[in-house]
Every structure is written in structure tokens, then in C-alpha cells.
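Enquirer: Just to be clear, the model below is a prediction. Sequence and coordinates:
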Amino acid sequence: MNRVRALLAVLVVSVIVASGSFGDDKKDDKTPVKVKGTLPPNWAKLSLSDEQRHKVYSTQAEYRGKIGELEAKIKELKKQEREEMEKVLTDAQKARLKELLLDKAPGADKKKEEKKEEKK
């Protein structure tokens, strides 16, 4: 019975010690996260401190995200605008527009020449 109690005591102590050591791996909140970026032209000549560089890079990262979201929204709005404008066209006008756009596409001249040779 004494052996069981001793084994149980050792087991309890080891569980307590093990659970207490898992919480020690916290990162220091004051350590700044490395943010990469590029300085605007001529800013490297201003002898910026590491803190200033970090703030510039952080600002760039923050605004790049916001700008990216707005650019995606602009792209979607332009697509919607184009769809609304095309609703005005007749089917014949839509087909002609498609032909005109294909003529301006890269390699369109080569395709025209191939079609002419096929007709001969």
C-alpha cells in the first residue's frame, strides 16, 4: 500500500511540474515583428532609426492591404459597368464588337493571314 501511495505521489508531482512548464514559452510582447518593405526614394539617405524604418514598413503593409481591397472593388465595379453598357447593344452589335476586339488581340494579324491562305 505504501508503494502505491509513493507511486501516486510521484505521479501527481510529475504532472504538476510538467503542466507548469508548458506556459513558459510565451513570446515577449515588446519584441517587434519583422515587417519587410521598401523605403520611398531618397528615404534611405535620411538616416532613419530602426524604429522609424519599422513604422514605415508597418504603415506600408497596412495600407497595401487596404489599397488591394479597393483595387479589387474597382475591378469589380468596372466589370459591372461594362456588363451594363453591353446590355444597350443589340446582338449584332455585340457580335461585331467581339470581332473588333479579336482583331486587336495579340497575334490577330497572323490569324487573318492564315484565314486568307485557307480560302485560296
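Expert: Perfect, I can see it now. Note that the coordinates shown come from a computational prediction; the quantities given were computed from them, not determined experimentally.

Enquirer: CA atoms for contacts and neighbours, from now on please.
Expert: Fine.

Enquirer: Tell me the buried residues in stretch 59-67?
Expert: When neighbours are counted by 16 or more other C-alpha atoms under 10 Å, the buried residues of stretch 59-67 are found to be residue 60.

Enquirer: I meant stretch 73-81, not that one.
Expert: For stretch 73-81, the neighbour count (16+ other C-alpha under 10 Å) marks no residue as buried.

Enquirer: in the chain, which spans are strands?
Expert: For the chain, no strands turn up when DSSP state E is the criterion.

Enquirer: domain parsing for this structure?
Expert: Here the chain is described, according to automatic domain parsing, as comprising the domains 31-88, 90-120.

Enquirer: want to throw the ones you listed into TSV with mean pLDDT?
Expert: TSV is the format used below for those (pLDDT from 0 to 100):
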stretch	mean pLDDT
domain 31-88	91
domain 90-120	80
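
Enquirer: gap between the two ends of stretch 42-54?
Expert: For stretch 42-54, the first and last residues are 17 Å from each other (C-alpha to C-alpha, to the nearest Å).
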